[in-house]
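Peer 1: Here is my input; please provide its structure:
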Amino acid sequence: MAKANFPPSARYVNMTQVYATGAHNMPDEDRLKVMNGLSKPLTEAKPGDLGFGDVESMTFCEEFVAIMFLLIIVGSMLWIPIAVLGFALYVRSAMAWVVMLIVFFTLSLHPVPRIHDMVHSPLNHFIFKYFSLKMASDAPLDSAGRYIFVAPPHGVLPMGNLMTVHAMKACGGLEFRGLTTDVALRLPLFRHYLGAIGTIAATRHVAKQYLDKGWSIGISSGGVAEIFEVNNKDEVVLMKERKGFVKLALRTGTPLVACYIFGNTKLLSAWYDDGGVLEGLSRYLKCGVLPLWGRFGLPLMHRHPVLGAMAKPIVVPKVEGEPTQEMIDEYHSLFCQTLVDLFDRYKTLYGWPDKKLLIK
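Peer 2: Coordinates of the predicted model:
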C-alpha cells in the first residue's frame, strides 16, 4: 500500500539518529549529506515503522533527564497554578504575599530572548528518544523558503509541535517561529522555554510581521477548543470555520504546508464534562482548565511515539488588497482535503490503520 501511495521523493527520518550523529550542528552542506544517508524512502516503510513498531529504548539516566524536563518545565503549566492556589489559601503573611507577587510578575513579564543554541540543545536527544520522534515529508522543502506550517491536532498540550521547532532545523535546515497563546507566554518556567525556542504570540499582526521578515511560522489551528476532542475514538480537528491562516497565506503569498502530528492527542489524558462547562471556561480564559494526568497519575507525558508528517506545499498567490471569500473558501477546501489525504497515507505506517480523521 505504501509503495502505491507515496511519491519517490517522500522520505522519513528517526530524529534520535540525527542527533546521535551531530547532524543538527553541521553546516547545511554537510548536514544534507548525512541526512541523505539517514533518511529512508517511504515507499520501503512497513506498517508501524513510523510509530508503534519502532519505539526507542532508553537508559535509566536518559529517561530520568527527559522526565525531569517534562515534569519541571512542561508540567509547570499545571503545578504552578496549583502552587499559587495553595499559597493563596494557606499563606496569610503580608510580606510573603508581596515577595510572591514581585517574583511571579517579574518572571511573567520580563522579556525572554530567543536563544539560537536552544534549538540545538543536547537535551533534544533525550526528548526525541522519549517520544521516539520521527519526521516525514512528501517532498523536500527549500531551506531558504518561507512557509506557513499548519499542524493539528492540538491535543491537551501540543508537545509534538514544540519538538518540530527543534527537528525542522536539524532535518530540513529550516527555522521557524511557532505561535501560541498569550497565557502560555506569561506562565513562569514554561514561558522561558517557549521564549528560548522563539515561540511568538498567536495574533494576526505578529504572524504577518514575522512572515514579512522572511520567517516561516507554525500554527496549531485548533487551539484550546481542540483539547476537548482528545477522548474521541477517531482523530478530530476543528478547522471547518477556521480560515484565518488561509487569509494570511493569500495576503502574503506564503505557501501552506499541511502537517499532522500523530500521537499528539495521546500524550496526556484528560477528563471533561459532556455539558461543555469546562470547555466554555477554557475558551473564556484562553487556556485549558480541566483535570489531566499522564504517567504515574502525574502531569508527566506518556511515552507515546510521535510522528510529524508533512504534505507537499500548497502554492498560493499573493493577493493585492483583501482576498475574496470565494478564494479563501477554495484554498481552505484544498487544504482540508490535503490534510485528510496526508493522514490517510501515513496512518498505517504509524500504526493506526483503522483510525479516521474527522474535520469539524
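Peer 1: Give me the number of neighbouring residues for Thr106.
Peer 2: By other Cβ atoms under 10 Å, the residues close to Thr106 number 10. (C-beta placed from N, C-alpha, C; glycine too.)
Peer 1: How about His154?
Peer 2: 26.
Peer 1: And what about the closest residue to Ser9 other than its chain neighbours, helix, strand or coil?
Peer 2: By the measure of Cβ to Cβ, 6 or more residues apart in numbering, the closest residue to Ser9 outside its immediate chain neighbours is Ala139, 5.0 Å from it. Three-state call for Ala139 (DSSP: H, G, I helix; E, B strand; the rest coil): coil.
Peer 1: What of the one 10 residues further on?
Peer 2: Secondary structure assignment for Phe149 (three-state DSSP): strand.
Peer 1: what's whichever strand or helix holds Thr16 packed up against?
Peer 2: Assigned by DSSP states H and E, Thr16 belongs to helix 15-21. Counting contacts by 3 or more Cβ pairs under 8 Å, 6 or more residues apart in numbering; DSSP states H and E, helix 15-21 is packed against helix 28-38, helix 123-130, helix 159-172.
Peer 1: ok, now which ones touch the residue nearest to Ser9?
Peer 2: The contact partners of Ala139, taken as Cβ atoms under 8 Å, 6 or more residues apart in numbering, are Pro7, Ser9, Ala10, Lys312, Pro313.
Peer 1: ok, of those residues, which come out buried?
Peer 2: Buried members of these, counted by 16 or more other Cβ atoms under 10 Å: Ala10, Lys312, Pro313.
Peer 1: What separation is there between the residue nearest to the last one when sequence neighbours are not counted and His332?
Peer 2: Leaving aside its sequence neighbours, Pro313 sits nearest to Pro255 (Cβ to Cβ, 6+ apart; 3.9 Å). In this structure, Pro255 lies at 15 Å from His332, with Cβ to Cβ, to the nearest Å as the measure.
Peer 1: picking that back up, out of the buried ones among the contacts of Ala139, who's nearest Gly48?
Peer 2: Distance to Gly48 across the buried ones among the contacts of Ala139 (Cβ to Cβ) is lowest for Ala10, with 17.2 Å.
Peer 1: That closest one contacts Ala136, doesn't it?
Peer 2: Yes. Between Ala10 and Ala136 a contact is recorded at 7.2 Å, counting by Cβ atoms under 8 Å.
Peer 1: Now for those two: what residues contact both?
Peer 2: With Cβ under 8 Å, 6+ apart as the test, Ala10 and Ala136 both reach Leu42.
Peer 1: tell me, what residue is most central in the chain?
Peer 2: The centroid of the chain falls nearest to Asn161 when counting by Cα atoms, centre = their mean (1.0 Å).
Peer 1: May I have the secondary structure class of Ile217?
Peer 2: Ile217 is classified as strand under three-state DSSP.
Peer 1: pretty sure it contacts Val206?
Peer 2: No. Using Cβ under 8 Å, Ile217 makes no contact with Val206, being 9.1 Å away.
Peer 1: Identify the contacts common to these two.
Peer 2: Residues touching both Ile217 and Val206 by Cβ under 8 Å, 6+ apart: Leu179, Ile200.
Peer 1: Counting neighbours, go ahead and name the busier of these two.
Peer 2: Ranked by neighbour count (other Cβ under 10 Å), Ile217 and Val206 place Ile217 first, with 23 against 14.
Peer 1: Please tell me how far that one sits from Pro140.
Peer 2: Distance, Ile217 to Pro140, using Cβ to Cβ: 20 Å.
Peer 1: Next: His166.
Peer 2: 19 Å.
Peer 1: Could you do Gly22 as well?
Peer 2: Distance from Gly22 to Pro140, counting by Cβ to Cβ: 21 Å.
Peer 1: helices and strands of this protein: which one bottoms out on pLDDT?
Peer 2: helix 2-5 (a mean of 51; mean pLDDT, DSSP states H and E).
Peer 1: Can you show me the helices along this structure?
Peer 2: Secondary structure of the chain (DSSP state H): helices located at 2-5, 15-21, 28-38, 60-69, 76-90, 94-109, 123-130, 159-172, 190-196, 204-212, 244-252, 277-285, 325-350.
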